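[1] Build the 3D model from these lines:
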Amino acid sequence: MAFSEETLNRIREILFDKEIIFSEKKMFSGVCIMVDEKMCCGTHIDKKTNEDLLLCRLSEEEYEKALEQPDCIPMEFTGKPMKGYIFVTRNGFNTKQKLSDWLQLCLAFTPFAKSSKKKKC
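    Modelled structure (predicted):
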């Protein structure tokens, strides 16, 4: 698992401050933060560039806006961008305020996000 423990701790700190109940799950070669059993955000290190990235799950409108920003790139694992998911490069979340702003966008979308289907045992 390639992820930044420092970034994960920064995310945790902000979510604790906001009194958000969350869990963590290893996904997408990193750690995802789950809120209400839905993927909200996470941290990941790009295997090619070794860059620390913030994973954000956003509304369609915020996704389109984010892609216009220089510190945002579409999330691609299969060679095709995943709508609603972006990576923010380190410069885009290098302060507590910047990280908090991204997390707030993710949290705002969470109530509207679809849950993944539960696997039957």
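[2] pLDDT below threshold where in this protein?
    1, 116-121 (pLDDT under 70).
[3] can you pull out the strands in it?
    For the chain, the strands defined by DSSP state E cover 23-27, 30-35, 38-45, 52-57, 72-76, 81-89.
[4] buried set for the fifth one?
    Residues of strand 72-76 classed as buried: 72-73, 75 (neighbour count, 16 or more other C-beta atoms under 10 Å). Yep, even glycine has a C-beta here, placed from its N, CA and C like the rest.
[5] what's the closest of those residues to residue 35?
    residue 75 (18.0 Å; C-beta to C-beta).
[6] The closest one reaches residue 85, doesn't it?
    Yes. The criterion here is C-beta atoms under 8 Å, and residue 75 meets it with residue 85 at 3.9 Å.
[7] Quick check: neighbours shared by these two?
    residue 55 (C-beta atoms under 8 Å, 6 or more residues apart in numbering).
[8] now the buried residues of strand 72-76 in CSV, with distance to residue 29?
    CSV is the format used below for these (distance: C-beta to C-beta, whole Å):
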residue, distance to residue 29
72, 19
73, 15
75, 11
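[9] if we can go back for a sec, tell me the most buried of the strands of the chain?
    strand 52-57 (a mean of 25; mean count of other C-beta atoms under 10 Å).
[10] Name the residues that touch it?
    4, 6-7, 11, 28, 30, 32, 39-46, 66, 75, 84-90, 92-93, 99, 102, 105-106, 109-110, 113.
[11] Same question for stretch 88-102.
    Contacts of stretch 88-102 (C-beta under 8 Å, 6+ apart): 7, 10-11, 14, 41, 51-54, 56, 66, 69, 71-73.
[12] Check the residues you listed and tell me the two furthest apart.
    14 and 73 (21.9 Å).
[13] how far away is residue 33 from residue 70?
    24 Å (C-beta to C-beta, to the nearest Å).
[14] cool, and residue 107?
    Distance from residue 107 to residue 70, by C-beta to C-beta: 24 Å.
[15] Which one of these two is surrounded by more residues?
    residue 107 (19 against 8; other C-beta atoms under 10 Å).
[16] what sits against that one?
    Residue 107 neighbours (C-beta under 8 Å, 6+ apart): 18, 20, 35, 40.
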